[in-house]
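**Student:** Let me see the structure of the following:
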Amino acid sequence: MPRASAKPGKKSPKPASTPSDLDADFKRVAKAAKATKLPAIEEATSYGTPSLKVKGKFLARIREPDILVLMCSLEEKEFLMARAPKIYFEIDHYKGWPAVLIRLSKIKEDELEHRITVAWHLQAPKKLATEVSGKAR
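**Tutor:** Here you go, the predicted structure:
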């Protein structure tokens, strides 16, 4: 998709990281999401970075190289950060917000898939989540 150009004679501000810096991380996250076999996961953008949504609701995004923002409950966030602080953390911007930051270089594939699955169940519309839960039985 072409980028909107800046006004003639003005340079666009250079982003902190270029799209190619985020591509490998996003490919890994998208592959993990696909491995969950959960329906309605869509590739999108959020705040100018690659993201995943479920039926239009935010699920996760690459915040910067090696850092994923993933939805989770506040209780689970506290537990994850205490259990594995090298993987899960937050910055002031996310304090009190139901999302955790993940260091992609530190998380294993099966755990990433599990985290995406938990986030999906949190964010998916109730009808869809109920249908999926019913099929899993």
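
**Student:** roughly how far apart are the nearest residue to Gly96 once chain neighbours are set aside and Ser51?
**Tutor:** Of all residues not flanking Gly96 in the chain, Leu74 sits nearest, at 7.5 Å (C-beta to C-beta, 6 or more residues apart in numbering). Placement of C-beta: from N, CA and C, glycine included. To Ser51, Leu74 is 21 Å away according to C-beta to C-beta, to the nearest Å.

**Student:** More neighbours: the two, which one.
**Tutor:** Ser51 (21 against 13; other C-beta atoms under 10 Å).

**Student:** helix, strand or coil for the most centrally placed residue in the chain?
**Tutor:** For the chain, the residue nearest the mean C-alpha position is Ala60 (1.8 Å; C-alpha atoms, centre = their mean). With DSSP: H, G, I helix; E, B strand; the rest coil as the basis, Ala60 sits in strand.

**Student:** okay, it: pLDDT?
**Tutor:** Note on Ala60: pLDDT of 98.

**Student:** Pretty sure Val118 is one of the things it touches, is it not?
**Tutor:** No: the criterion here is C-beta atoms under 8 Å, and Ala60 misses it with Val118 at 11.2 Å.

**Student:** Show me the helices in the protein, by range?
**Tutor:** Using DSSP state H, the helices found in the chain span residues 19-35, 74-83, 109-123, 126-136.

**Student:** Send over the second one as PDB, restricted to the C-alpha atoms.
**Tutor:** The C-alpha atoms that make up helix 74-83 are tabulated as PDB, following Å, rounded to 0.1, in the frame of the first residue of the first chain:
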ATOM      1  CA  LEU A  74      -4.800  -6.900  34.500                       C
ATOM      2  CA  GLU A  75      -4.600  -9.900  36.900                       C
ATOM      3  CA  GLU A  76      -2.800 -12.000  34.400                       C
ATOM      4  CA  LYS A  77      -0.500  -9.200  33.500                       C
ATOM      5  CA  GLU A  78       0.700  -8.900  37.100                       C
ATOM      6  CA  PHE A  79       1.200 -12.700  37.300                       C
ATOM      7  CA  LEU A  80       3.100 -12.900  34.000                       C
ATOM      8  CA  MET A  81       5.400 -10.000  34.900                       C
ATOM      9  CA  ALA A  82       6.200 -11.500  38.300                       C
ATOM     10  CA  ARG A  83       6.600 -15.100  36.900                       C
END
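
**Student:** That concludes my questions; thank you for your assistance.
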